[in-house]
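Novice: Here you go, sequence then predicted model.
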Amino acid sequence: MDEGGIAENVARAIAAAFDWSSPPDSRKAAVAYLDSIKSGDVRTLASTSLCLVRRDWSSEIRLHGFKMLQHLVRLRWDEFSTTERINFANLVIVELIPEMANPSEEWALKSQAAALAAEVVRREGVNLWQELLPSLGALCHKGPVEAELVAMILRWLPEDVTVHNEDLEGDRRRSLLRGLTESLPEILPLLYNLLEKHFGAAMSEASNQQLDLAKQHATTITAVLNAVNAYAEWAPVIDLAKYGLIHGCGFLLNSVEFRFHSCEFFKIVSQRKRVNDTSVAEYDSAMRNVFQILMNISRDFLCKSISGAAGIDEIEFELAECVCESMVALGSLNMQCIASDSSLISQYLQQMLGYFQHFKLALHFQALLFWLVLMRDGISKPKVSVQTIGSGPVEKERKGMSMHVSDDICAAMLDVSFQRMLRKNIPSGTTMPVTELELWSDEFVNKCDFSQYRSRLLDLIRLVASHRPVVAAARVSQRIETIIKSCHDTSPQALTLLESMQLGLETVLSAVFDGSADLRDDVMVPIQRLLEGLLQQLLSLGWTEPALAEILGHYLDALGPFLRSFPNGLGGVIDKLFQLLTSLPLTIQDQSPTGARHARFQICTSFIRIAKAAERSLLPHMKGIAETMARLQGEGRLLRGEHNLLGEAFLVMASSAGIQQQQEVLAWLLEPLSKQWTQLDWQNAYLSDPMGLTRLCSDTQFMWSIFHTVTFFEKALKRSGIKKTNIYLQPFSVAGDSSQCLHPMSPHLPWMLPPLLKLLHSIHSLWSQPVSQSLPPHLRAAMNMGHVEMASFLGEGAKMPKGQLSFADGSLIDMNREGYAEPNENDIRNWLKGIRESGYNVLGLSTTIGDCFFQCLDSSSVTLALMENIQSMGFRHIRQLVHLTIIPLVKSCPAQLWRNGLKSSYTLCFSTVSRLLVFHGQVFYMRVRQEFQIFSVIFLEWN
């Protein structure tokens, strides 16, 4: 068949393949025919494709013809002879490209023709490029359309090199880059001249009302700017400046039609990094020019914003965002280029502060990234003892930056950060003067969510507080005082505002008093005065609403780092917390997250946070706290869960005082529990037969009392003794360590563990077949997974309601339950899960504090409690048991005891887990692979 006939067939196939109204079989046949042409004779493919790109065909067919030619050049070029390749290249460059230089041609077709020419150059290499460059230069002088095509070719070449192209091998890529680099003295001046020539021509034609010609020149300018941006990614910055492209693009920033393309150039250049070689001075000079160009644009925009945002349209805001992004990159990567120009640095920082303060969230967000980089990398925290500072250029530049970040700048950043920690607008009922800000919303398109954004704000607050502690203390105190005076109700907006500043206060104080630097007296004295004033104002508040009392408690515990250094106010804080606690009623049935019971719970946790932060400063107050706890408990004004939390706070206090103090505190806290825990009456009533737990779940108050006892055992083990690293990382314990017998919890294990093993044994028996069938329906239902636990087990996120704590797998329980209400199915489910997890933890932790666990328990009782019903237990249940108890027990077990009895018992556990993994398959293996691998290694090591 002749060339024309094949072209006709290919054209019909293209039309059929892209006609979605055609039958599927027809489209499939058309695609198969096109594939046969592309994989057939290369010369037929070339001649047919060249025929299809002529103007006789429709745009759709011509576009596909160009794609076929690109396929040929990219994948089948080597099938041509040398002469054929030269002829083909000349045909494309000399004949096809000039033919495309027609004002009526579609942009997509011209772009594909230019891409084809670039493909040919890539395949033939540097020699062809050197030969073609003069002819391309001559072609672009014929007119705006020809110049546009040349610019497109120039754009495609470096773009396909800098963007990874797997079709281009490393050697050819390097060769092409070398050729392009050697040609930069011709390419860059050509691009600048095209910009200058066609911009002038466009202005001239527009003034003469020759709009069609003006549009052609404008299209050429856009193509040239696209080419310039492709070279801006890799061409030396000094060459971009030398040949006028920085100046030219800076000029076009003022042009409405070309400002976005020009701004893209500066965004790319701003991300370039200085190379320490002989050209540093020229690079710095070029970058200073970039600084000045962008700062001139920013100055005009910021001044216009200050005078009134009403006159700024969305297009201007988009341009400002692009400019701001360029400024951020410039300052983050190239600030050293202007380090010697103090005036320019000051102006730049003021403009970046202006962006940070801007009401537009997008501009503020971009500036936030810059200030984080500057404060984190460019400024070191002040020290009392001035150490030797390196004399290198980097240290000098950092010192220079520190001089320009003034108190006023830091204060302004803090003010904005405090205001922007909200997602919603400031409540309308407040009288606090605030600037109208575009606060965060879910509609804001960005790569992070609000929690990540607020985390960055808090990071900036921390850095500023480290750099200017007095300023930070003053601004946070002033803001809190203003908010307290302006908020007179408990509306959600007011509470959100108060909560946000509690987080700000906590961040500031943790940064100021983090111990990384010894602050001088001239710094500490004003900080002390400011924070003591704030503390007195907080102590004077008479808030009795549960939500406000809870927030006030959090404000007081946020002052913990300050109270560690200045403990005089600790007594007042403790008294105030107890006052808040006793001012709230004992509303047992209240389930509201803003109710009194929840607020009391949170106030008790404030004692723990203060104990952690204040450390040894709280020791003189332990006796007073103990007396108050005893009095409140005796008067019936302290719930069991609240007593547990205060007891945990006591353990935290004692941990900083040494082993003896811990022993005394544990004896005081655990003695009342031991009297109930060791009684045989409840064990015989509830743990002696399989149905005993059914009776226990009917005695709700005692059921929850048992729960709080077990969870407190867990807290006591975690909070006492010498803090250890992850127990799984410790070497195997093959013999008892006498030093570990000094652990303050060791004397309590003999009375704690036997009833716990009985309780766990009874719970395990619920899953055995004979017992489970005889259980009441509500108890049998409680043994199944709830919705939250199921979602967690399946890997689905479940948001935890405020005021509830979660287990390791995400399931929830109210840790302050007292059990005065009739338990429902979910209560029993949470009780069972809570007892299991805390009980397993108690056993596992007990094995790590020495040989006391193995000395006070008979191995048969441990085996009976943990292993008797293991084959009836659910997979998730066994996973918990292995992870929390079996692994630490096997690791800590003395070798003699292992050989004498435990080895055969735990072989059952190992074989059961192995069988379950085989039965449930890969999905479940992925859930527990870490625990199972650890268990396997330890088990096999012992064997």
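Specialist: Great, that's in hand. Residues are numbered from 1 along each chain as shown.
Novice: Any idea how far the helix or strand containing V842 is from the middle of the chain?
Specialist: V842 belongs to helix 825-846 when assigned by DSSP states H and E. Helix 825-846 has its C-alpha centroid displaced from the chain centroid by 32 Å (Cα atoms, centre = their mean, to the nearest Å).
Novice: Output the below-cut-off pLDDT ranges for the stretch 401-550 of the chain.
Specialist: For the stretch 401-550 of the chain, the stretches flagged by pLDDT under 70 are 402, 424-435, 445-447, 517.
Novice: and R600, that's in a helix?
Specialist: Yes. Looking at R600 with DSSP: H, G, I helix; E, B strand; the rest coil, it is inside a helix.
Novice: what's the burial count for the residue lying closest to it once chain neighbours are set aside?
Specialist: Nearest residue to R600, sequence neighbours excluded (Cβ to Cβ, 6 or more residues apart in numbering): L584, at 5.2 Å. In this view, the C-beta of every residue, glycine as well, is placed from N, C-alpha and C. The local packing of L584 (other Cβ atoms under 10 Å) involves 20 other residues.
Novice: How much space separates L584 from D489?
Specialist: Using Cβ to Cβ, to the nearest Å, L584 is found at 18 Å from D489.
Novice: Buried by neighbour count: which residues of the helix holding V842 qualify?
Specialist: 825, 827-846 (16 or more other Cβ atoms under 10 Å).
Novice: Equivalent analysis for stretch 296-304, please.
Specialist: The neighbour-count check on stretch 296-304 (16+ other Cβ under 10 Å) flags I297, S298, F301, L302 as buried.
Novice: Would you format those residues as JSON lines with secondary structure included?
Specialist: Below are the buried residues of stretch 296-304 laid out as JSON lines (three-state DSSP):
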{"residue": "I297", "secondary structure": "helix"}
{"residue": "S298", "secondary structure": "helix"}
{"residue": "F301", "secondary structure": "helix"}
{"residue": "L302", "secondary structure": "helix"}
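Novice: of all the residues you listed, which two lie farthest apart?
Specialist: Maximum pairwise distance among those (Cβ to Cβ): 9.7 Å, between I297 and L302.
Novice: Restrict stretch 661-669 to CA atoms and write it as CSV.
Specialist: The C-alpha trace of stretch 661-669 is given here as CSV (Å, rounded to 0.1, in the frame of the first residue of the first chain):
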residue,chain,number,x,y,z
GLN,A,661,11.0,8.2,100.6
GLN,A,662,9.4,6.0,97.9
GLN,A,663,9.1,3.1,100.4
GLU,A,664,7.4,5.3,103.0
VAL,A,665,5.0,6.8,100.4
LEU,A,666,4.1,3.3,99.0
ALA,A,667,3.5,1.9,102.5
TRP,A,668,1.2,4.8,103.2
LEU,A,669,-0.7,4.4,100.0
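Novice: Contacts only, for R155.
Specialist: A114, A223, N226, A227, A230 (Cβ atoms under 8 Å, 6 or more residues apart in numbering).
Novice: In helices, which of the residues you listed appear?
Specialist: A114, A223, N226, A227, A230 (DSSP state H).
Novice: Using PDB, write out every CA atom in the helix holding V842.
Specialist: Provided in PDB are the C-alpha atoms of helix 825-846 (Å, rounded to 0.1, in the frame of the first residue of the first chain):
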ATOM      1  CA  GLU A 825     -22.700  -4.000  78.600                       C
ATOM      2  CA  ASN A 826     -20.000  -1.400  77.600                       C
ATOM      3  CA  ASP A 827     -19.100  -0.800  81.300                       C
ATOM      4  CA  ILE A 828     -18.400  -4.500  81.800                       C
ATOM      5  CA  ARG A 829     -16.500  -4.800  78.500                       C
ATOM      6  CA  ASN A 830     -14.300  -1.900  79.600                       C
ATOM      7  CA  TRP A 831     -13.900  -3.300  83.000                       C
ATOM      8  CA  LEU A 832     -12.800  -6.700  81.700                       C
ATOM      9  CA  LYS A 833     -10.400  -5.100  79.200                       C
ATOM     10  CA  GLY A 834      -9.000  -2.700  81.900                       C
ATOM     11  CA  ILE A 835      -8.400  -5.500  84.400                       C
ATOM     12  CA  ARG A 836      -6.700  -7.600  81.700                       C
ATOM     13  CA  GLU A 837      -4.400  -4.900  80.500                       C
ATOM     14  CA  SER A 838      -3.500  -3.400  83.900                       C
ATOM     15  CA  GLY A 839      -3.200  -6.900  85.400                       C
ATOM     16  CA  TYR A 840      -0.900  -8.100  82.600                       C
ATOM     17  CA  ASN A 841       1.200  -5.000  83.100                       C
ATOM     18  CA  VAL A 842       1.500  -5.500  86.800                       C
ATOM     19  CA  LEU A 843       2.700  -9.000  86.300                       C
ATOM     20  CA  GLY A 844       5.100  -8.000  83.500                       C
ATOM     21  CA  LEU A 845       6.500  -5.000  85.400                       C
ATOM     22  CA  SER A 846       6.900  -7.100  88.600                       C
END
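Novice: Just the pLDDT for the residue nearest to M629 when sequence neighbours are not counted.
Specialist: Here the nearest residue to M629 in space, its sequence neighbours aside, is L646; by Cβ to Cβ, 6+ apart that works out to 5.5 Å. On pLDDT, L646 comes in at 94.
Novice: Just give me the neighbour total for L646.
Specialist: So L646, with other Cβ under 10 Å, has 26 neighbours.
Novice: mind checking how far it is from D851?
Specialist: Counting by Cβ to Cβ - L646 and D851 are separated by 32 Å.
Novice: how about the strands of this protein, start to end?
Specialist: Using DSSP state E, the strands of the chain run over 805-806, 812-813.
Novice: what's the least confident stretch among the ones you listed?
Specialist: Sorting these by mean pLDDT places strand 805-806 lowest, at a mean of 42.
Novice: hmm, which helix or strand of the protein has the shakiest average pLDDT?
Specialist: Ranked by mean pLDDT, DSSP states H and E, the weakest helix or strand in the chain is strand 805-806, scoring a mean of 42.
Novice: can you tell me which residues contact I763?
Specialist: Counted by Cβ under 8 Å, 6+ apart, I763 has contacts L693, L832, I835, R836.
Novice: Then R172?
Specialist: With contacts defined as Cβ under 8 Å, 6+ apart, R172 is in contact with R122, G125.
Novice: any chance you could read off phi and psi for the residue nearest to R600?
Specialist: Dihedral angles of L584 (phi, psi; degrees, to the nearest 10) stand at phi -100, psi 140.
Novice: Distance of it relative to I484?
Specialist: Counting by Cβ to Cβ, the gap from L584 to I484 is 20 Å.
Novice: same question, L495
Specialist: Using Cβ to Cβ, L495 is found at 13 Å from I484.
Novice: Can you pull out the low-pLDDT segments for the stretch 751-900 of the chain?
Specialist: Scanning the stretch 751-900 of the chain for pLDDT under 70 picks out the ranges 787-823, 898-900.
Novice: One more: the stretch 101-250 of the chain?
Specialist: 159-170.
Novice: can you pull the contacts of the closest residue to I293 other than its chain neighbours?
Specialist: The shortest distance from I293 to any residue other than its chain neighbours is 3.9 Å, reached at G250 (Cβ to Cβ, 6+ apart). By Cβ under 8 Å, 6+ apart, the contact set of G250 is S262, F266, N289, I293.
Novice: Tell me the one of the residues you listed nearest A339?
Specialist: Using Cβ to Cβ, N289 comes nearest to A339 of these, at 15.6 Å.
Novice: quick one, domains of the chain?
Specialist: Here the domain parsing of the chain from automatic domain parsing is 1-74, 258-382+393-405, 658-943.
Novice: Same list, those, but as CSV with distance to V470 please.
Specialist: Shown next, in CSV, are the domains of the chain (distance: least, Cβ to Cβ, whole Å):
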stretch, distance to V470
domain 1-74, 65
domain 258-382+393-405, 11
domain 658-943, 34
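Novice: S207 is nearest to which of those?
Specialist: Comparing the domains of the chain by Cβ to Cβ, domain 258-382+393-405 comes nearest, at 17.1 Å.
Novice: from the contacts of G250, which two are the most distant?
Specialist: S262 and N289 (14.1 Å).
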